[in-house]
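Asks: predicted model and sequence below, questions to follow.
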Amino acid sequence: MTSPDVPLIAHVAVDVALPHLDRPFDYVVTPAQTATVAVGVRVRVRFAGKLRDGYVLALDHSTDVAAPAPLERVLSPEVVMPPATAGLVRAVADHWGGTFSDVVRLAIPPRHATSEAASRPRRPDPDTSQPAQVLPGYPGAERFLAALGAGEGVRAAWTPVPVFAPPGDWAAGLLDAAAATLSAGRGAILMVPDAAAMAVLTAQASARFSEGSFVTLTADLGPAARYRNYLAVSRGDVRCVLGTRGAVFAPVADLGLIAVWDEGNDAYAEPRAPYPHVREVAALRASREGSGLLLAGYGRTAEVAALAARGWLVPVDLPARDIRRLGPAVRAATDTDRALERDPHARGARLPHDVFTVLRAGLASGPVLVQVPRAGYAPRLRCQTCRAAADCPTCGLPLRGECGPEGLTLTCVSCGPLPGPWRCPHCGDTRLRAPQVGVARTAEELGRAFPQTAVVQSWSGHRVETVGAAPALILATPGAEPRPEAGYAAAVLLDAGVLLARPDLRAGEEALRRWLEASALVRAAELDGTVLIVGEPTERAVQALVRLDAAGAAARELSEREQAHFPPAARLVLLEGPRAALEDAEAAWRPVAGAEHFGPILLEDDVWRLTLRCPPERGAELVGGMKSLVSERSARKAPGAVRLRVDPQSVG
DNA sequence: ATTCGGACGGCC
DNA sequence: GCCGTCCGAATT
């Protein structure tokens, strides 16, 4: 109801996590508050008798509420949630079946009052005069840059050549796109998956743009710096943001570009409800705000292939033959010998002769990377006779083999070293076999084969960030590869089958991405850079690596998902909770055209999982129905937690 | 008649 | 979630 008698009304998104209260509530703005209240500010309101934080979504003179309560106070005059951000938060909540307040927590850093009072440093405009360095070498990218430079919302996918080529690498490509956008007077957000990629990007951004002309937004800045940088963006003091996961929501005004580097990296899958994915949020936001989009990575997901297939974005890739010409030389070797399966102390068996050839040749001119998909010594052990997993007799968790002074010692993750000898509880055998070999064991083997060579080990939790140009063996788990100062002379990718055997829909895509990441640290073939992958050469992912054909692999992956009706060719919705809740769900999904259901299956005591699937164009309807179900249950206080997950990253 | 508690409904 | 209220049972 609108009338001049109605006082100024603030429509407030109150910070309550309950799904059935996921809507705005109206409050009267008192005369004293009119000077500071504004759309997008934080307020404090009385809600169900308690004071809570909220955000002003709109201000007007209309309300359906008979006697709205007054706003308790305006917390701060800072506009931290402009309408575009509120709209995006709502859209993300709706897409993933979550609440506004869940998504707000991902999007807006907590307030840090002293940072608001601090003086505003003068921010220079970014210097965009340097010519583009990398993207112009890719077909169609000149046009992409020109369109960004004209302020158009163009969208592209990009797979750079996976080869060691600083400074003309992926980060330079992203900065090319940012510079073009900024020169048009629009803002840009550049997304990276983790701190290591952030270090690479910020180093190059600092070299290229003037000091203070961009900000970083990452969780590890700490509350004060994170909020200060967020304020610099929301106040419009800065138009260029480099950041991780949460930065995709940064309230950049007149956004002209979101670029996502390594779009297949699972760090982009938000682990907190409602589990949105940065790639999808970026696409949603680019669409809503008419901004440009660049989805890039050495690997490519089926999701990006799907966007390309329907012409929603344009690949700016080199033809595969040019990628092979410019990249390292890649070949595959079969691991013929499975002797390790029989004897945990067998030596060198999984390393075919080719591996030593490549290592020897590489070590003649620089460091060589050996990628091993497992950390530790013998990460998994089984009974020699009955092949049962070797578990801790105390707690039942898996035992790991470690190399101690008296040979192999068995250690439980939670209980520590096994006090006595191990005995199989099923057949009584005391002998073990090691179906998997880790970095430490491989280091031991290769150290024996190359006694004069330094051996470096790097894995998550024990990361080595960089290595020099001197010959050395660098053993690393996928994703923990040290950055070489001058490129690796060679890379050997061991145990391809281990990565491919993960019981996940994305195993092939993910394995290829990790191999390409390693290849991108190796010198070009014309500098004798070589990549050798040890695995089954008939595997499609192995073949795609040998051809350096991420785009082709993604297209094939997409057609398989289409056949199998999996995302992105379908919307997948998981509903987890007590049996009774899942039974209630049937009425909600049954009317959705083309919806199918699987299960429910029992996960733990009275927690069941129902899997639902429908054509993508019915996705909003299906998710909406499930959200209503969750809301109704919450309203009537039905027992048991119900969790909703939409297109989860890993489908086992 | 009076007090206490648990369940239920609404939250502006 | 939290609070307020409403009703029934126990207590004087």
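Replies: Cool, the structure landed. Worth saying up front: this structure is predicted, and the values here are computed from it rather than measured.

Asks: give me the longest strand you can find in chain A.
Replies: strand A:50-60 (DSSP state E).

Asks: using CSV, write down the CA coordinates of it.
Replies: Extracted in CSV, the C-alpha atoms of strand A:50-60 (Å, rounded to 0.1, in the frame of the first residue of the first chain):
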residue,chain,number,x,y,z
LYS,A,50,15.9,-10.0,19.3
LEU,A,51,18.2,-7.5,17.7
ARG,A,52,19.7,-8.7,14.4
ASP,A,53,21.7,-7.3,11.5
GLY,A,54,20.1,-6.6,8.1
TYR,A,55,20.5,-4.8,4.8
VAL,A,56,18.2,-2.2,3.3
LEU,A,57,17.0,-3.6,0.0
ALA,A,58,14.7,-0.7,-0.9
LEU,A,59,13.3,2.5,0.6
ASP,A,60,9.8,3.8,-0.3
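
Asks: what's the distance between the helix or strand following that strand and the middle of its chain?
Replies: Heading C-terminal from strand A:50-60, the first helix or strand you meet, by DSSP states H and E, is strand A:69-70. Strand A:69-70 sits 42 Å away from the centroid of its parent chain (Cα atoms, centre = their mean, to the nearest Å).

Asks: tell me where the stretch 251-400 of chain A has strands.
Replies: Along the stretch 251-400 of chain A, counting by DSSP state E, counting those that start in this stretch, strands occupy A:255-261, A:292-296, A:314-315, A:329-333, A:368-371, A:382-383, A:399-404.

Asks: and the closest residue to DNA strand C within the stretch 401-550 of chain A, how many neighbours?
Replies: Among the residues of the stretch 401-550 of chain A, A:Ser414 lies nearest to DNA strand C; the distance is 30.0 Å by Cβ to the nearest atom of the strand. All C-beta atoms are positioned from the backbone trio N, CA, C, and that covers glycine. For A:Ser414, the neighbour count with other Cβ atoms under 10 Å is 9.

Asks: I'd say it and A:Gly396 touch.
Replies: No - checked against Cβ atoms under 8 Å, the pair A:Ser414 and A:Gly396 is beyond contact range at 9.8 Å.

Asks: ok, for the residue nearest the centre of chain A, nearest residue in space, not its chain neighbours?
Replies: Central residue of chain A (Cα atoms, centre = their mean): A:Tyr268, 1.9 Å from the mean position. Among residues not flanking A:Tyr268 along the chain, A:Val278 sits closest, at 3.8 Å (Cβ to Cβ, 6 or more residues apart in numbering).

Asks: what sits against that neighbour?
Replies: A:Val278 makes contacts with A:Met191, A:Arg245, A:Val248, A:Val260, A:Glu263, A:Tyr268, A:Ala269, A:Glu270, as judged by Cβ atoms under 8 Å, 6 or more residues apart in numbering.

Asks: for the nearest residue to A:Ala553 once chain neighbours are set aside, phi and psi?
Replies: Ranked by Cβ to Cβ, 6+ apart and with sequence neighbours excluded, the top spatial neighbour of A:Ala553 is A:Ala544, at 3.7 Å. The phi and psi values for A:Ala544, taken as degrees, to the nearest 10, are phi -60, psi -40.

Asks: on the pLDDT front, check A:Ala544 for me.
Replies: On pLDDT, A:Ala544 comes in at 97.

Asks: next, count neighbours for it.
Replies: Neighbour count of A:Ala544, defined by other Cβ under 10 Å: 25.

Asks: from A:Tyr298, how far out is it?
Replies: Distance, A:Ala544 to A:Tyr298, using Cβ to Cβ, to the nearest Å: 12 Å.

Asks: which phi and psi does the spatially closest residue to A:Thr477 that is not a sequence neighbour have?
Replies: In this structure, A:Thr477 finds its nearest non-sequential neighbour in A:Trp459, 4.3 Å apart by Cβ to Cβ, 6+ apart. As for A:Trp459, its main-chain torsions (degrees, to the nearest 10) stand at phi -150, psi 170.

Asks: hmm, A:Trp459 is touching A:Ala480, no?
Replies: Yes - using Cβ under 8 Å, A:Trp459 is in contact with A:Ala480, at 5.0 Å.

Asks: quick check: the residue of the stretch 251-400 of chain A nearest DNA strand C.
Replies: A:Ala273 (13.2 Å).

Asks: let me see the contact set for that residue.
Replies: Contacts of A:Ala273 (Cβ under 8 Å, 6+ apart): A:Gly98, A:Asp102, A:Arg643.

Asks: filtering those residues by proximity to DNA strand C, which remain?
Replies: Taking Cβ under 7 Å from any atom of the strand, there is no overlap between these and the neighbourhood of DNA strand C.

Asks: all good on my end, thank you.
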